[in-house]
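Visitor: Kindly return the folded structure for what I paste below:
(4 chains)
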2 protein chains.
Amino acid sequence: MPKTPPQCPMDSILRLLMGPWTTYIIWVLSDQGPQRFGALKRAVPGISTRMLTERLRMLQGAGVIWREQEQTIPPAVTYGLTSRGNDLRGVLDTLGHIAERWKDEGVFAEDELGTV
Amino acid sequence: MPKTPPQCPMDSILRLLMGPWTTYIIWVLSDQGPQRFGALKRAVPGISTRMLTERLRMLQGAGVIWREQEQTIPPAVTYGLTSRGNDLRGVLDTLGHIAERWKDEGVFAEDELGTV
DNA sequence: TAAAGTAGGAACGGAAAAGTAACTGCCTAT
DNA sequence: ATAGGCAGTTACTTTTCCGTTCCTACTTTA
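Guide: Numbers count the residues shown, from 1 in each chain, chains lettered A, B, ... in the order given. Take a look at the predicted model:
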């Protein structure tokens, strides 16, 4: 029994975006432009290096971000959004608007049982 | 240290959509119209009643779906999308298109290391 | 009379995700 | 000489999720 219906690529893309930090990382890269590893870590408060590395690898593997390593001696690695990343930008933006509207309506408060 | 930056409602909404089945349920409800519990379970192959119940409660709590219970003796419960659910529909639709395009490009295949 | 369907609820258990901490090698600044 | 930053990696531990199984109460059908 496949736990993810394979005919639905939605699931794959959601699996990609799902992690607790993923969209935040994309957001930072889209809002503040390409960033180095350390800067990203500082921009996403509370994330561990482990998670950040993993997410970046994942996003890179999907071609959502690029990675540019300068072979200087303290190696400088910069990450930025690819065109695919920008595809996501629009969706995330829309979703962000919806989220804000919902927040104003109190959806994420504690409990809201008004049968809309 | 808050593990989810609270100023970002995006995270809440993603947390809502994230589950492996959530978007699929919304998809079914948007594609096939309001459905009863059993029908939904049949439409989402492989989901357990536990998961389905939990997701439905969650979505209902967020006002994304409505729940209508008829007090007949084998109780008939029907679920459908609210206006908020339809908000999501558009986003999911866009995301679906992106996902399909990416799939055609082989993003979700095994490995794709072309530095785009 | 027994089985099955309706819409779930409660409990248990394994697996996967995520956080923590320690370590790398090299260089720069103190 | 040593501490700290860069960009991670590895191991360990915890937590959380998710599936499975069993249960409800009632009715209809075989």
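
Visitor: SS state for A:Thr78?
Guide: Using DSSP: H, G, I helix; E, B strand; the rest coil, the secondary structure recorded for A:Thr78 is strand.

Visitor: Locate the closest residue to it other than its chain neighbours within the secondary structure: which element?
Guide: Of all residues not flanking A:Thr78 in the chain, A:Glu68 sits nearest, at 4.8 Å (Cβ to Cβ, 6 or more residues apart in numbering or on different chains). No exception for glycine: its C-beta is placed from N, CA and C like everyone else's. Here A:Glu68 sits within strand A:65-70, counting by DSSP states H and E.

Visitor: Now do that strand: distance to the chain's middle.
Guide: 17 Å (Cα atoms, centre = their mean, to the nearest Å).

Visitor: try stretch A:39-47
Guide: Offset of stretch A:39-47 from its chain centre (Cα atoms, centre = their mean): 13 Å.

Visitor: show me what contacts A:Trp102?
Guide: For A:Trp102, the contact set (Cβ atoms under 8 Å, 6 or more residues apart in numbering or on different chains) comprises A:108, B:9, B:13, B:62, B:84.

Visitor: let's see it at 10 Å
Guide: For A:Trp102, the contacting residues are A:108, A:112, B:9, B:12-13, B:16, B:62-64, B:84, B:87-88, by Cβ atoms under 10 Å, 6 or more residues apart in numbering or on different chains.

Visitor: which SS state does it fall under?
Guide: Note that with three-state DSSP, the state of A:Trp102 is helix.

Visitor: distance of it from DNA strand C?
Guide: To DNA strand C, A:Trp102 is 22 Å away according to Cβ to the nearest atom of the strand, to the nearest Å.

Visitor: Repeat that for A:Ser12.
Guide: Look at A:Ser12 and DNA strand C: by Cβ to the nearest atom of the strand, they are 13 Å apart.

Visitor: and if you look at A:Gly63?
Guide: Separation of A:Gly63 from DNA strand C (Cβ to the nearest atom of the strand): 20 Å.

Visitor: I'd say that residue and A:Arg84 touch.
Guide: Yes. A:Gly63 lies in contact with A:Arg84 (Cβ atoms under 10 Å); the separation is 5.1 Å.

Visitor: coming back round to it: neighbours around the residue nearest to A:Thr78, how many?
Guide: For A:Glu68, the count of nearby residues is 12 (other Cβ atoms under 10 Å in any protein chain shown).

Visitor: Just give me the neighbour total for A:Gly106.
Guide: Residues lying near A:Gly106 (other Cβ under 10 Å) number 12.

Visitor: Spit out the contact partners of the spatially most central residue of chain A.
Guide: Nearest to the geometric centre of chain A sits A:Thr23, at 2.2 Å (Cα atoms, centre = their mean). When contacts are counted by Cβ under 10 Å, 6+ apart, A:Thr23 touches A:17, A:55, A:88, A:92, A:95-96, B:8, B:10-11, B:13-14.

Visitor: Looking at those residues, which are in helices?
Guide: If you go by DSSP state H, those have A:17, A:55, A:88, A:92, A:95-96, B:10-11, B:13-14 in helices.

Visitor: Can you add pLDDT and give these back as JSON lines?
Guide: Formatted as JSON lines, the ones in helices among the contacts of A:Thr23 follow (pLDDT from 0 to 100):
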{"residue": "A:Leu17", "pLDDT": "86"}
{"residue": "A:Arg55", "pLDDT": "95"}
{"residue": "A:Leu88", "pLDDT": "92"}
{"residue": "A:Leu92", "pLDDT": "90"}
{"residue": "A:Leu95", "pLDDT": "90"}
{"residue": "A:Gly96", "pLDDT": "89"}
{"residue": "B:Met10", "pLDDT": "79"}
{"residue": "B:Asp11", "pLDDT": "77"}
{"residue": "B:Ile13", "pLDDT": "85"}
{"residue": "B:Leu14", "pLDDT": "83"}
